[in-house]
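Undergrad: sequence plus the predicted model coming up.
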Amino acid sequence: MDVSTILDPLNGPQREAVSCDKKSVLVLAGAGSGKTRVLVHRIAWLLLVKQVSPASIMAVTFTNKAAKEMRGRISELLQITPQGMWVGTFHGLAHRLLKSHWQDAGLTENFQILDSEDQLRMVKRLIKEHDLDESRFAPKSLQWYINGHKDEGRRAKHVDHHNDAYEKTMVQLYLAYEQACNRSGQVDFGELLLRAHELWLNKPAILNHYQQRFQHLLVDEFQDTNTIQYAWLRVLAGNNNNITVVGDDDQSIYGWRGAKIENIQQFSDDFAATEVIKLEQNYRSTGCILDAANSVIANNPARLGKNLWTDDEEGEPIALYAGFNEQDEARFVVERIEHHVSDDLLLSEQAILYRSNAQSRVLEEELIRSGIAYRIYGGQRFYDRLEIKNVVAYLRLAYGHDDDAAFERVINTPTRGIGNKTVETIRLRARTDNTSLWRACEALLAESGLTRRALTAVQGFMALIDDCDEACQRLSLEAAAEYVLEASDLLAFHGKESGEKGRARVENLQELLNATRQFEPDTDEPSPLRAFLDTAALDAGDQQADEYTDAVQLMTLHSAKGLEFPVVYLAGVEENLFPHKMSLEEPGRLEEERRLCYVGITRAMSRLYLSYAETRRWYGQESYNTVSRFVREIPAKCLKEVRINANISRPLSAKISHASDGHDTGLLLGQRVMHSVFGQGLVLNIEGQGSNARIQVNFDDEGSKWLVAAYANLEAV
DNA sequence: AAGGCAAATGTTTTT
DNA sequence: CATTTGCCTT
């Protein structure tokens, strides 16, 4: 294989980015401009042309999916899988590091990862233990508070409470949380990054070793890095290593969870003589779609400035549909999906995107009614399911008895007569002895600190865990999991849950056994069980089921980032919904919503539909929204309004059928009417009775409006 | 320990 | 509106 294979398929700027010899390179890659391709080809370039050892390369992504894709594409391009390269997520790499240097990082050897649910439980418990009012100190906000500070690299001792009583308590709780985590060998997601950073700072020898090793750092989705992630990278890169970051300031949509778009600017300041390369040629969308995206995003101030262009044709204009309510909107979308299917497009080539999950319901109902297969992205991850977490907790507790989060979860699951009272005694003992719950149990058993009944139950539980431990050491991972499932009685426990639920739970448990069977520990982790537990904590465990059935894709705009579809429906482009009402208060949030819109538009390859509802039932209330400001930012020449008259057939006939319920307005749905000011129009909707009735009319010239029957003086035409 | 009922509470999500 | 949560009862 020669150099041409690496460079030939690339355009000018891409080539420059791939072969650039500068020590620090910032690639500003617009949507659909071949960002991943540049990263993959640059790695190939380093290996083949620069003869760099794979072991000196570290590539960092945000999601496991992206890491997996990168590894796959590198192997595909090189026709071999390079050994010794570190490709992974920030959290995954930090975790790997901490496992190798657990002592230097001040951790226990078998430290476990605390997911956000476990974290919330722990935080709740702490609030209770401190006798604080949950309404004043909401567990969720304490969790948010802790994670926020960790993302900024601050421990409890660093937080300045300004002598404010409330803030003081929060810091106190943060401190208590840190202590509880340390006591039970638990590390939350933010802690992985924070500890890894502290490891660099506190152990120069270790840092030096890794700086010597990783002379080439590559970072994907750089605009999503938060403070601690960037700090970690910067220290690792030092003054001598090579670092390439790829990102798009216009696609920064995670500011609300700590991502710092400013890191892009900071990067150029921190690394001397950074080469900045812009990738602006888009290989995804039609001219029309790009024009729209460019115009919308141009309304954001303080951009680094990119303008996407394409060789592709103008394409169809973007269609905008004004539904009279969300059902009508859904009907429109489904009708268009059916239309495209009859045009030989697959369902899976079409995606419905929305701002918030609550919107999916109506769309789903309409898809079901029409018998169209669909798949919703997002939602609960496999390893987050209750039944899965239960089994994993048994395994965790078997592996490391001091794992308090696992202990809390399964001490009485399935129920074995250990009630709150007993658990409270155990917690108290653990706190006074400053030890784990398991050790507290041992102490209590030794000195009979429990009632006879509780004593037997706890003893039974501990024996069960020891059995599981023994099974884990003796058996294969799969056999051990099977043993745990039986011995703990979890299979039967979940199986007897009512109806559909129980069946689904058993199915998932079976799926977990599958996962253990297929599991291949790929790291240098000697214990397959530990490796599996790590995967369960850090990896979503993508369900691959139905991945191959043809189905319409439904997801939020956030989860659509990085994907592309021939046809995209962007539903609910209304003020208050998108941009979301909540985001209008804080400064800077509107800009982020606009970037989200930019992400949405640029997902579409050839066709883009925008739709909104003039009336929407939202949290049980009727709301009247106008079309989103973002739509008004799209140039008129790119936009074509779909008039209701054009697809009157299904939506209206459905409405007309129950219009005869008699609203006593003398008008019928679908009827043409005349208004003295607005001119002629079509009756879309009638609500209420007689003169109180409100009528929605889509005027030919003025668009649709709601009118009060008593004053409107509508005449049938 | 399970089931029933009222109250609260609703952007976006990965690790 | 619909789902989840906490609290209360048996």
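TA: Noted; the coordinates are in hand.

Undergrad: give the contact list for the closest residue to residue A:387 other than its chain neighbours.
TA: Using C-beta to C-beta, 6 or more residues apart in numbering and skipping residues adjacent in sequence, the residue nearest residue A:387 is residue A:505, 4.4 Å away. All C-beta spots, glycine's among them, are computed from the backbone N, C-alpha and C. Remark: with contacts taken as C-beta atoms under 8 Å, 6 or more residues apart in numbering, residue A:505 is in contact with A:385-387, A:494-495, A:497.

Undergrad: put the buried members of those residues into a PyMOL selection.
TA: Selecting just the buried residues from the contacts of residue A:505 in PyMOL takes one command, with 16 or more other C-beta atoms under 10 Å as the test:
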select buried, chain A and resi 385+387+494
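
Undergrad: can you mark which positions in the host helix or strand of residue A:353 are buried?
TA: Element membership for residue A:353, per DSSP states H and E: strand A:350-354. Within strand A:350-354, the residues that count as buried by 16+ other C-beta under 10 Å are A:350-354.

Undergrad: pLDDT weak spots in the stretch 501-650 of chain A?
TA: In the predicted model, the stretch 501-650 of chain A carries pLDDT under 70 at residues A:523, A:543-547, A:644-650.

Undergrad: just the closest residue of it to DNA strand C, please.
TA: Each residue of the stretch 501-650 of chain A has a distance to DNA strand C, by C-beta to the nearest atom of the strand, and the smallest belongs to residue A:620, at 2.4 Å.

Undergrad: how near is that residue to DNA strand B?
TA: When distance is defined by C-beta to the nearest atom of the strand, to the nearest Å, residue A:620 is 6 Å away from DNA strand B.

Undergrad: give me the neighbour count for that residue.
TA: Other residues near residue A:620 number 5, with proximity taken as other C-beta atoms under 10 Å.

Undergrad: same question, residue A:412
TA: Applying other C-beta under 10 Å, we find 16 residues neighbouring residue A:412.

Undergrad: look up how far residue A:60 lies from whichever residue of the stretch 151-300 of chain A sits closest to DNA strand B.
TA: With C-beta to the nearest atom of the strand, the shortest gap between the stretch 151-300 of chain A and DNA strand B falls at residue A:189, namely 3.2 Å. Computed with C-beta to C-beta, to the nearest Å, the distance linking residue A:189 and residue A:60 is 15 Å.

Undergrad: just residue A:374 next, same as before
TA: Following C-beta to C-beta, the distance that separates residue A:374 from residue A:60 is 34 Å.

Undergrad: looking at these two, which has the bigger crowd around it?
TA: Counted by other C-beta under 10 Å, residue A:374 and residue A:60 do not tie: residue A:60 has more neighbours, with 27 against 21.

Undergrad: hmm, the more buried one is touching residue A:221, no?
TA: No: with contact defined as C-beta atoms under 8 Å, residue A:60 does not count as touching residue A:221 (9.1 Å).

Undergrad: could I get the buried residue list for stretch A:165-184?
TA: Buried residues in stretch A:165-184, defined by neighbour count with 16+ other C-beta under 10 Å: A:169-171, A:173-174, A:176-178, A:180-184.

Undergrad: restricted to strands, list those.
TA: Applying DSSP state E to those, no entry is found in strands.

Undergrad: and the residues you listed, which two are the farthest apart?
TA: Using C-beta to C-beta, the two most remote members of those are A:169 and A:184, lying 22.7 Å apart.

Undergrad: how close does the residue most central in space within chain A sit to DNA strand B?
TA: Relative to the mean C-alpha position of chain A, the nearest C-alpha, by C-alpha atoms, centre = their mean, is the one of residue A:559, at 5.9 Å. Separation of residue A:559 from DNA strand B (C-beta to the nearest atom of the strand) stands at 5 Å.

Undergrad: which segments of chain A make up each domain?
TA: Structural domains of chain A, as assigned by automatic domain parsing, span the residue ranges A:3-101+A:193-281, A:113-184, A:318-381+A:543-641, A:387-520, A:657-716.
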